[in-house]
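Colleague: What follows is a predicted protein model with its sequence.
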Amino acid sequence: MVKSCEYPDICNQTGSGSVGTTNILFNTKCCSSDLCNYDSALNFPAVNNTQNGLTCKACTGGNTQDCFNNAAPVPCTGNQDRCLVSSGSLYNKPYVISGCASSSACNFLTVISNGLLSITRTQCFSASPMVCYNCSGTPANCTNEVIACDASMACLKSSVRLLFGGETHDLIVKKCGRQDICNQQITGNFGSTKLYVQMECCSSDFCNSDSSLNISGISSTPNDLNCKTCSSATKQDCDKNNTVVQCTGNQDHCISSSGTFFTNSHHYFTGCASGKIFSNKSLLSVLSGNMVNIEEDMQCAMNSNLSIRCGFLVEHSLILLASIGIYTFELFI
């Protein structure tokens, strides 16, 4: 039994959950006067064991991977209309549970915190979730954490290569991703600075386990677009010292903008790029340690006449973020 102060939105609710052979029932009651919650009598809702057609993965474990490595399908019953994944601590030890739950249980399990049980995250899905690896780092250091994803999404692996300052920086990103960004290529040629991104998707548990860099499918075939390329400290330097190059592959726009590279190196850059990646001035952003922070509106066009804001040309947005030593690449979904 738990007695405490709580918000009204969890008042007077009943619900249930099942995690394999473990069943959970709860009933909340509220009152609004001093010491009014004195009653200690247990009062549980009636049990409904009628299967309702929903099946969820049921498991318990010290972390998400341990849990789902031993998950088994369980039929949901009664008002259990959601698949739940919840994490926190029980008796001061980390835990993850997955199974069937009612919608009211999803709300209730976001607010519990007492000396024995603390819930830090609860996810509820309308169908059994898919489980994907979730990490960001160099190919040798992408630590494989695990995350539960909505079944409508895909497990994503992105390979990123940035050539900047005469050095090559490689990055692997694994996470849940929208289906519409699957198996796409993003490239940019800004003279001495170049960007290559290859996104791959799959649709089964733990399928994005591969941590090897894969940009082999990115096309280097010249296309019909020519752009001025430059990566320099100022726009004036690029206006005086630029090279016109023939764009390649899916580089369908000339773009121009400026920003801060790796925390303290301000650069203006212009060149060929895949138009899909640009949505607004914050699409290239940074955290500590950094890659790029855009400081002005990006301009783009289908020729070297850079006079149009990029925002309306784009289908998807990306953000290049920094962390894990050099930087982190993250797709906002």
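Modeller: Yes, it's here.
Colleague: Would you mind giving me the confidence score for the closest residue to residue 245 other than its chain neighbours?
Modeller: Residue nearest to residue 245 in three dimensions, not counting chain neighbours: residue 229, with 5.1 Å by C-beta to C-beta, 6 or more residues apart in numbering. Where C-beta positions appear, they are placed from N, C-alpha and C, glycine not excepted. On the pLDDT scale, residue 229 is placed at 90.
Colleague: Correct me if wrong: residue 229 contacts residue 188.
Modeller: No. Between residue 229 and residue 188 there is no contact, the gap being 9.7 Å when judged by C-beta atoms under 8 Å.
Colleague: tell me, what's touching the two both at once?
Modeller: 271, 272 (C-beta atoms under 8 Å, 6 or more residues apart in numbering).
Colleague: ok now do residue 63, which residues does it touch?
Modeller: 87, 94, 96, 146.
Colleague: Just say helix, strand or coil for residue 85.
Modeller: strand (DSSP: H, G, I helix; E, B strand; the rest coil).
Colleague: what lines up beside the helix or strand hosting residue 199 in the sheet?
Modeller: Assigned by DSSP states H and E, residue 199 falls within strand 193-202. Using DSSP bridges, strand 193-202 pairs in its sheet with strand 154-164 (antiparallel), strand 185-190 (antiparallel).
Colleague: and the last one, how far out from the chain's middle?
Modeller: Strand 185-190 has its C-alpha centroid displaced from the chain centroid by 22 Å (C-alpha atoms, centre = their mean, to the nearest Å).
Colleague: Can you give the contact residues for that strand?
Modeller: For strand 185-190, using C-beta under 8 Å, 6+ apart, the contacting residues are 194-199, 217-219, 227, 229-231, 245, 247-251, 255, 269-274, 276-277, 318.
Colleague: ok, now stretch 5-13?
Modeller: The contact list for stretch 5-13 (C-beta under 8 Å, 6+ apart) reads 26, 27, 28, 29, 30, 104, 107, 108, 111.
Colleague: Give me the neighbour count for the closest residue to the third one other than its chain neighbours.
Modeller: Beyond its immediate neighbours in the sequence, the residue positioned closest to residue 28 (C-beta to C-beta, 6+ apart) is residue 13, lying 5.0 Å away. For residue 13, the tally of surrounding residues (other C-beta atoms under 10 Å) stands at 18.
Colleague: pLDDT on the strand holding residue 199, on average?
Modeller: Mean predicted confidence for strand 193-202 is 87.
Colleague: on that earlier part again, any idea how far the residue nearest to residue 245 lies from residue 133?
Modeller: Residue 229 is 36 Å from residue 133, where distance means C-beta to C-beta, to the nearest Å.
Colleague: what do you get for residue 50?
Modeller: Per C-beta to C-beta, residue 50 is found 37 Å from residue 133.
Colleague: Dump the strands paired with strand 193-202 to TSV, plus mean neighbour count and distance to residue 19.
Modeller: Shown next, in TSV, are the strands paired with strand 193-202 (neighbours: other C-beta atoms under 10 Å; distance: least, C-beta to C-beta, whole Å):
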stretch	mean neighbour count	distance to residue 19
strand 154-164	23	24
strand 185-190	23	41
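Colleague: between these, which gets nearest to residue 123?
Modeller: Closest approach to residue 123 among those (C-beta to C-beta): strand 154-164, 15.7 Å.
Colleague: Output that closest one as PDB, nothing but the C-alphas.
Modeller: Taking Å, rounded to 0.1, in the frame of the first residue of the first chain, the C-alpha atoms of strand 154-164 are listed here in PDB:
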ATOM      1  CA  ALA A 154      12.600   0.900 -37.700                       C
ATOM      2  CA  CYS A 155      16.000   0.100 -36.100                       C
ATOM      3  CA  LEU A 156      18.400   2.600 -37.600                       C
ATOM      4  CA  LYS A 157      22.100   2.500 -38.100                       C
ATOM      5  CA  SER A 158      23.800   5.600 -39.500                       C
ATOM      6  CA  SER A 159      27.400   5.700 -40.700                       C
ATOM      7  CA  VAL A 160      28.900   9.200 -40.700                       C
ATOM      8  CA  ARG A 161      32.200  10.400 -42.000                       C
ATOM      9  CA  LEU A 162      33.400  14.000 -41.700                       C
ATOM     10  CA  LEU A 163      36.600  15.200 -43.400                       C
ATOM     11  CA  PHE A 164      37.600  18.500 -41.700                       C
END
